[in-house]
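1. could you work out the structure for the sequence below:
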Amino acid sequence: MTDKAVVTQFEPESRTLADRVCEKIVDAIVMGNIPPGHKISEPELARTYGISRGPLREAIRRLEGYRLVERKPHVGARVVNLSAKELIEIYHVREALEGMACRLAAEHMPQEEIEDLRELLDEHERNIAELDGRSYFQKEGDLDFHHRIVKGSKNEKMLEVLGGELYHLVRMYRYKFSVSSSRPKRALKEHRQIVDAIDSRDPELAEMLMRRHIGAARKNIEGKLNATTETKGDNHG
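-> This is a model prediction of the structure:
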């Protein structure tokens, strides 16, 4: 998937009905309104979004491309439900690649984009109290700090990988594990430190801070996954 497939979601011009419905379904999946493992019912979605089957099927094909929906023989289409192992593997990939993206951003991001990034974080700080901070993890595209960093790396292949197949999966689980968590405020503080390193044109520090930041998010998720597993074990004990 190319970066164009993702970036066009954030450009309002010439959007088709399938574009708009796909975006609504993506948001519903990311925020858990359509939960992991849920069977995709075309009649149900057609009624919910007031759309005919043609554009709806196009939207569902795009969701499959984003890896938010998977289709299995004799089962049909369902919202993806990653295993703990798959999720942690994605975070290891992010740690490596976004660390490198941050290093490149420190070398190539124009000063104007850095200042825009600071303004974005100021906006995030004003809004972080909404929904106990969960709104912070709903941001996408140019409203998403991580997306801006990857774009700022000026590396098209990096944007293809991190802005393509992995992008919405990461959004989905980032939102899920931010619920009832103090993580949003810590994340904002870490984001500001990362921008300072980029602004100082310190590639090594920028990469280290981003890797540490994503590593902390991964450990937060691992802790919650372990707690869930232990609770299930206690319930069956």
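
2. show me where the chain has strands.
-> According to DSSP state E, the chain carries its strands in the segments 69-72, 76-79.

3. what helices and strands are in contact with the last one?
-> Strand 76-79 sits against strand 69-72, with contacts defined as 3 or more C-beta pairs under 8 Å, 6 or more residues apart in numbering; DSSP states H and E. In this view, the C-beta of every residue, glycine as well, is placed from N, C-alpha and C.

4. who's in contact with the closest residue to Ala46 other than its chain neighbours?
-> Leaving aside its sequence neighbours, Ala46 sits nearest to Leu56 (C-beta to C-beta, 6 or more residues apart in numbering; 5.5 Å). Residues touching Leu56, when contacts are defined by C-beta atoms under 8 Å, 6 or more residues apart in numbering, comprise Ala18, Val21, Glu42, Leu45, Ala46, Tyr49.

5. so which of those residues comes closest to Val80?
-> Lowest distance from Val80 to those (C-beta to C-beta) belongs to Leu45, with 16.2 Å.

6. need the contact list for Val80.
-> Pro36, Arg67, Leu68, Val69, Glu70, Leu169.

7. let me fix that, I meant to ask about Ile25.
-> Applying C-beta under 8 Å, 6+ apart to Ile25 gives the contacts Ile34, Leu45, Tyr49, Ala59, Ile60, Leu63.

8. in CSV: the residues you listed, plus distance to Lys154 and neighbour count.
-> Formatted as CSV, these follow (distance: C-beta to C-beta, whole Å; neighbours: other C-beta atoms under 10 Å):
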residue, distance to Lys154, neighbour count
Ile34, 35, 23
Leu45, 38, 20
Tyr49, 37, 17
Ala59, 31, 24
Ile60, 33, 22
Leu63, 29, 22
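
9. rewinding a little: just the strands of the chain: most buried one?
-> Ranked by mean neighbour count, the strands of the chain are led by strand 76-79 with a mean of 16 (mean count of other C-beta atoms under 10 Å).

10. in this protein, which helix is the longest?
-> helix 203-235 (DSSP state H).

11. show me how far it is from its chain's centre.
-> When C-alpha coordinates are averaged (C-alpha atoms, centre = their mean, to the nearest Å), helix 203-235 and its chain have centres 15 Å apart.

12. got the buried residues for it?
-> Applying a neighbour-count criterion of 16 or more other C-beta atoms under 10 Å, one finds 203, 205-211, 213-214, 217-218, 220-221, 224-225 buried in helix 203-235.

13. could you single out the nearest of the residues you listed to Leu117?
-> Comparing every one of these with Leu117 (C-beta to C-beta), the shortest separation belongs to Ala206, at 12.1 Å.

14. state the distance from the residue positioned nearest the centre of the chain to Leu68.
-> The chain has Arg171 as the residue nearest its centroid, 2.3 Å off, counting by C-alpha atoms, centre = their mean. Distance from Arg171 to Leu68, counting by C-beta to C-beta, to the nearest Å: 9 Å.

15. now His108
-> For His108, the distance to Leu68 (C-beta to C-beta) stands at 31 Å.

16. this structure: helices as residue ranges?
-> Using DSSP H, helices in the chain cover 3-7, 17-30, 42-49, 53-65, 84-108, 111-127, 145-152, 156-162, 167-176, 183-199, 203-235.

17. which one of those lies closest to Gly76?
-> Distance to Gly76, taken as C-beta to C-beta, is lowest for helix 42-49 among the helices of the chain, at 9.5 Å.

18. pull out the buried positions in that closest one.
-> Neighbour-count burial for helix 42-49 flags Leu45, Ala46, Tyr49 (criterion: 16+ other C-beta under 10 Å).

19. I figured the last one hits Ala18, correct?
-> Spelled out, it's Tyr49. No: between Tyr49 and Ala18 there is no contact under C-beta atoms under 8 Å: 10.6 Å.
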